[in-house]
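Participant: Give the three-dimensional model of this entry:
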Amino acid sequence: MEEVICQRCLTSNQFHVVKSGPHVKAICDNCNQYIKFIPQEKEPPKFYFGKYVGKYVHEIEDIGYLKWAVGNLTLKQPMRDAIQKQITSFENLAR
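Facilitator: Okay, the predicted model is just below:
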């Protein structure tokens, strides 16, 4: 993680985090002022359709279903990329 510096008191890496709606913000431990929003890790894509609804793409081992989904459905790019990555990982294992 990059260094977090409070612009008010110039304290470095002394902060706590607070949820603020969907965001996480850094608050200085020294002067209790807002520093900045902290980037959050994104959750891996989950299937929102079909027989694997609610499961993460990386948990699915049914390569036929994965190939069908990527070839026949209109998917958002992150979902399409995750499915393609899973298919490629299985194809690499088969070699």
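
Participant: For the closest residue to Lys51 other than its chain neighbours, which residues are in contact?
Facilitator: Leaving aside its chain neighbours, Lys51 sits nearest to Tyr65 (7.3 Å; criterion: CB to CB, 6 or more residues apart in numbering). C-beta: built from backbone N, CA, C; applies to glycine. With contact set as CB atoms under 8 Å, 6 or more residues apart in numbering, Tyr65 has these partners: Gly50, Lys51, Tyr52.

Participant: ok, 10 Å please
Facilitator: Phe47, Gly50, Lys51, Tyr52, Ile83 (CB atoms under 10 Å, 6 or more residues apart in numbering).

Participant: repeat for Asp29
Facilitator: By CB under 10 Å, 6+ apart, the contact list for Asp29 reads Cys6, Cys9, Thr11, Asn13, Gln14, Phe15, His16.

Participant: Return the distance of the fourth one relative to Tyr48.
Facilitator: Going back to what we said before, that points to Asn13. Distance, Asn13 to Tyr48, using CB to CB, to the nearest Å: 38 Å.

Participant: per-domain residue ranges of this structure.
Facilitator: Using automatic domain parsing, the domain parsing of the chain gives 1-40, 50-94.

Participant: Reformat the ones you listed as JSON lines; add mean pLDDT.
Facilitator: As requested, the domains of the chain are arranged in JSON lines below (pLDDT from 0 to 100):
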{"stretch": "domain 1-40", "mean pLDDT": "91"}
{"stretch": "domain 50-94", "mean pLDDT": "92"}
